[in-house]
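J.: return atomic coordinates for the entry below.
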Amino acid sequence: MPFRKILTRFLLVLSCALSSSSIAQAAPASANPTLTINAANAAHEVSPLMYGLMTEEINHSYDGGLYAELVRNRAFLDDAQQPVQWSVIQGSGSAATISLDPQQPLSEVLKTSLRLEVSRASAQIPAGVANSGYWGIPVQPDTRYRASFYAKAAPGFAGALTLAIQSTDGRTVYARAQVDGLTGQWKRYEAVLQTASDVLPTTQARFTLTVDQPGTIWLDLVSLFPPTWNDQPNGFRKDLMQMLVDLHPKFLRFPGGAFLEGSNINQRFQWKKTIGPLTGRPGHAGLWGYRASDGMGLLEFVQWCQDMGAEPVMAVYAGYCCDDTHVDPGPQLQPFVQDALDEIEYVTGDAAGTRWGAQRARDGHPEAFTLHYVEIGNEDFFDKSNSYDGRFAQFYDAIKSKYPQIKVISSVGNENPLPLLVHSRAPDVVDEHYYRAAEDFIKMSPAYYEAYARNTRPEIFVGEWASYEDPKTKPWDPGSKSLPRTPNFKAALGDAAWMTAMERNSDLVVMNCYAPLLVNVNPGASQWRPDLIGYDALHAFGSPSYYAIRMFSTNLGDECLAIAVSASSVQASATRDSRTGEIFLKMVNPTPVGESLQIQLDGINSVQPTATALTMAADPTATNSLDHPTAVIPVTSTVPDVKPLFVWHVSPNSISVLTIKTR
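T.: Numbers count the residues shown, from 1 in each chain. Here you go, the predicted structure:
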């Protein structure tokens with residue numbers, strides 16, 4: 001790192017430390033800007049589901065991302081003409097060809113296999129196939145990789161199949177295993193490939209399957225997994241999963257997003273095709289220009305929730321697709337309503353007493369999951385046919401009749417106090433989406449939800465939100481494609497301001513989640529920005545917005561305290577843990593000018609004299625990246641001399657959380 005950057009980083013950390021320790025002092029009798037917290041009585045309870053996650057297959061979030069499979073196009077269905085991502089391995093003394101073969105299906109849904117014909121090969125110069133993975137196969141030292149595949153051989157072949165992880169030029173072999181016993185019938189084979197402890201990490205690698213004698217072999221469902229979260233088969237990438245767990249999410253909204261609707265009705269998320277053995281999952285063409293393997297299926301989604309200790313918030317297909325087609329309410333829609341009821345039964349049904357609960361048990365999870373929220377469709381305000389009210393009513397009536405305890409979410413929310421749709425069935429919750437420039441969030445956040453009426457409207461789920469930096473370059477504009485995939489600190493300031501608004505109104509805003517969650521930052525891998533977490537095959541990093549959300553979600557009480565801010569540009573929220581008495585005061589200063597803010601705790605006679613400050617301050621253009629993953633992160637410090645009335649110096653361009661102990 002250049003010396004100037006090192007010096008800048010040191011001065012920033014020093015500034016944060018000073019602002020949280022030596023500058024905190026008893027408040028003088030002066031006209032400082034004031035932040036008053038009414039700690040005598042809680043204004044209202046904080047929703048227990050305040051912060052969560054939203055996921056969909058975009059930016060290679062699953063395949064090439066959280067879903068840990070390393071082989072790309074493992075079932076040879078990504079292209080009908082060519083075995084994309086696969087190449088022939090041959091040398092001066094060997095020869096081979098590969099082709100797609102629809103005449104040798106593995107299963108009813110995996111109808112295309114890869115035919116490998118080797119005309120010359122030897123132990124010294126083998127021949128075979130290589131897979132390039134998702135922008136490379138990640139190689140780590142002292143790591144066990146689990147390989148599996150289906151294979152069959154033509155009569156006369158009696159050789160072994162060698163599996164290897166090797167450099168892209170084939171000169172370096174990082175790990176190797178051998179499988180023999182191929183027959184004329186499809187059979188599943190497994191092997192473990194172990195790297196040495198002195199291997200240097202790299203993504204410049206490929207996965208290969210080779211033979212040392214002539215013959216014809218067919219391959220299908222070729223798979224390679226690194227170690228996964230909790231060592232689960234067909235599981236999740238460990239570093240990404242840890243970053244999600246570190247956010248302490250209370251729920252997961254799945255399966256999307258536009259991924260739920262699909263580009264047309266045949267490409268919607270059809271959950272029944274995503275459960276059971278992988279040999280029964282055909283995958284489907286995703287909305288964002290690449291095929292989804294559906295290795296991340298319905299059961300994996302709810303297991304993902306379970307692994308994080310989060311509630312599932314499940315969206316069901318409701319008859320609308322992204323090509324602006326829809327299914328009319330009534331008899332035409334009824335099969336989709338029944339499909340949603342079956343889906344709920346798969347998640348919640350008793351293994352012994354329900355058809356789909358029994359299917360879940362056969363799929364490996366006998367215990368039922370808890371499900372409190374179901375969303376009907378996604379962003380149906382795009383439906384110009386005005387059919388959503390009828391479609392929503394049909395789903396609502398069917399779900400409430402069988403599952404009266406489930407809260408039903410409308411995907412048509414309100415982006416202002418006036419409703420965009422008058423529902424003939426009152427939804428329990430409405431889903432609002434906000435993609436705004438940082439400066440717009442900063443302007444709207446101080447009073448936005450205060451204008452909403454209480455007790456006369458549904459609860460609010462902010463199911464997608466994100467701040468972007470330049471109001472002239474919106475996420476859906478072509479110009480956004482040239483920008484970094486993750487946001488800078490300016491966007492984080494806008495996100496944090498918006499979170500203070502949602503916290504202050506957490507009696508009404510019961511859930512919220514940033515979107516999109518994940519992005520593969522390799523060229524050509526992404527379709528949308530900004531995104532919360534970036535990664536390649538080997539590394540991952542959180543954006544400044546990731547750390548802002550983590551600051552908020554991990555420092556949250558169960559009671560909301562009323563606050564008043566005067567003569568200050570600072571936006572704030574305050575919550576209290578009713579069990580411990582700790583107050584979490586969040587402050588966002590979106591300006592380049594620091595403030596000495598007089599903090600007054602009304603209703604508190606005494607506090608512990610030492611508090612904790614978590615501060616993230618940076619130039620608005622600063623950001624994180626693969627090369628500099630922690631350039632912008634929070635800094636923890638101690639705050640002395642805290643009293644019911646004291647002064648806190650709020651750094652310019654900063655996000656702060658003060659944890660004040662009152663017992």
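J.: A strand includes M551, no?
T.: No - using DSSP: H, G, I helix; E, B strand; the rest coil, the assignment for M551 is helix, not a strand.
J.: and it, how many neighbours?
T.: Under the neighbour criterion other Cβ atoms under 10 Å, M551 is assigned a count of 22. Where C-beta positions appear, they are placed from N, C-alpha and C, glycine not excepted.
J.: for it, give its distance to I660.
T.: M551 sits 15 Å away from I660, going by Cβ to Cβ, to the nearest Å.
J.: ok, V46 - contacts?
T.: Contacts for V46 were tallied using Cβ atoms under 8 Å, 6 or more residues apart in numbering; they are 503, 506, 556-560, 575.
J.: how about a cut-off of 6 Å?
T.: When contacts are counted by Cβ atoms under 6 Å, 6 or more residues apart in numbering, V46 touches 506, 558, 560, 575.
J.: from these, which land in helices?
T.: Using DSSP state H, no member of these falls in helices.
J.: I'd like those residues as TSV, with distance to T621, neighbour count and pLDDT appended.
T.: Compiled in TSV, the contacts of V46 are given as follows (distance: Cβ to Cβ, whole Å; neighbours: other Cβ atoms under 10 Å; pLDDT from 0 to 100):
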residue	distance to T621	neighbour count	pLDDT
S506	31	27	96
D558	37	16	98
C560	33	23	98
T575	31	26	98
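J.: next, give me the two most distant ones among the residues you listed.
T.: The distance between the two most remote of the contacts of V46 (Cβ to Cβ) is 9.8 Å, for S506 and D558.
J.: can you give me the mean pLDDT across stretch 169-186?
T.: For stretch 169-186, mean pLDDT is 97.
J.: give me the buried positions along that stretch.
T.: Across stretch 169-186, burial judged by 16 or more other Cβ atoms under 10 Å covers 174-175, 177, 179, 182, 186.
J.: from the residues you listed, pick the one nearest M616.
T.: Scanning the buried residues of stretch 169-186 for proximity to M616, where the rule is Cβ to Cβ, the winner is Y174, at 38.4 Å.
J.: contact partners for that closest one?
T.: 139, 165, 195, 199.
J.: can those go into JSON lines with extra columns for secondary structure and pLDDT?
T.: Below are the contacts of Y174 laid out as JSON lines (DSSP: H, G, I helix; E, B strand; the rest coil; pLDDT from 0 to 100):
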{"residue": "V139", "secondary structure": "strand", "pLDDT": "98"}
{"residue": "I165", "secondary structure": "strand", "pLDDT": "98"}
{"residue": "T195", "secondary structure": "coil", "pLDDT": "98"}
{"residue": "V199", "secondary structure": "coil", "pLDDT": "97"}
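J.: between these, which is closest to P335?
T.: I165 (45.7 Å).
J.: quick check: bridge partners of that closest one?
T.: Beta-bridge partners recorded for I165 (DSSP bridges): A175, F207.
J.: so where's the protein shaky on pLDDT?
T.: Scanning the chain for pLDDT under 70 picks out 1-31, 414-421, 456.
J.: what about the residue nearest the centre of it, distance to N59?
T.: Central residue of the chain (Cα atoms, centre = their mean): L517, 3.6 Å from the mean position. As judged by Cβ to Cβ, L517 and N59 stand 9 Å apart.
J.: again, but for L585
T.: Distance from L585 to N59, by Cβ to Cβ: 35 Å.
J.: same question for P312.
T.: 22 Å.
J.: repeat for F461
T.: Relative to N59, and taking Cβ to Cβ, F461 is found at 23 Å.
J.: neighbour count winner among the two?
T.: Neighbour count, other Cβ under 10 Å: between F461 and N59, F461 has more, with 31 against 25.
J.: and for the closest residue to Y62 other than its chain neighbours, the neighbour number?
T.: Closest residue in space to Y62, ignoring its immediate chain neighbours: M296 at 4.3 Å, by Cβ to Cβ, 6 or more residues apart in numbering. M296 has 25 neighbours, counted by other Cβ under 10 Å.
J.: my guess is M296 meets G64, correct?
T.: No - judged on Cβ atoms under 6 Å, M296 makes no contact with G64 at a distance of 11.4 Å.
J.: intersection of neighbour lists for these two?
T.: With Cβ under 6 Å, 6+ apart, M296 and G64 have no common neighbours.
J.: which residues in the stretch 501-650 of the chain form helices?
T.: Here the stretch 501-650 of the chain has its helices, by DSSP state H, counting those that start in this stretch, at 544-553.
J.: all strands of it, in order?
T.: Counting by DSSP state E, counting those that start in this stretch, the stretch 501-650 of the chain has strands at residues 509-514, 518-520, 533-535, 540-542, 559-566, 571-576, 583-589, 595-602, 611-617, 635-639, 645-650.
J.: include distance to D231 when you put those strands into TSV, please.
T.: TSV is the format used below for the strands of the stretch 501-650 of the chain (distance: least, Cβ to Cβ, whole Å):
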stretch	distance to D231
strand 509-514	28
strand 518-520	22
strand 533-535	21
strand 540-542	19
strand 559-566	39
strand 571-576	37
strand 583-589	35
strand 595-602	47
strand 611-617	33
strand 635-639	32
strand 645-650	45
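J.: relative to T143, which of those is closest?
T.: strand 540-542 (16.2 Å).
J.: what about that closest one, distance to the chain center?
T.: 12 Å (Cα atoms, centre = their mean, to the nearest Å).
J.: how about stretch 320-327?
T.: Going by Cα atoms, centre = their mean, where stretch 320-327 is centred and where its chain is centred differ by 25 Å.
J.: buried ones in it?
T.: So, applying 16+ other Cβ under 10 Å, buried residues of stretch 320-327: 320-322, 326-327.
J.: could you do stretch 343-350 as well?
T.: 343-349.
J.: neighbouring contacts of that stretch?
T.: Stretch 343-350 is contacted by residues 271, 302, 316, 354, 356-357, 360, 368-369, 371 when judged by Cβ under 6 Å, 6+ apart.
J.: next one: stretch 390-398
T.: With Cβ under 6 Å, 6+ apart as the criterion, stretch 390-398 contacts 318-319, 329, 333, 337, 376, 408, 410, 424-425.
J.: let's see it at 8 Å
T.: 316, 318-320, 326-330, 333-334, 337-338, 340-341, 376-377, 380, 408, 410, 412, 423-425, 427.
J.: now the buried members of those residues.
T.: Here, 16+ other Cβ under 10 Å leaves 316, 318-320, 326-327, 329, 333, 337, 340-341, 376-377, 380, 408, 410, 412, 423, 425, 427 buried among the contacts of stretch 390-398.
J.: verify the stated contact: I98 with W86.
T.: Yes - with contacts counted by Cβ atoms under 8 Å, I98 reaches W86, the gap being 6.4 Å.
J.: quickly list what's touching both of the two.
T.: The contact lists of I98 and W86 share 114, 129, where a contact means Cβ under 8 Å, 6+ apart.
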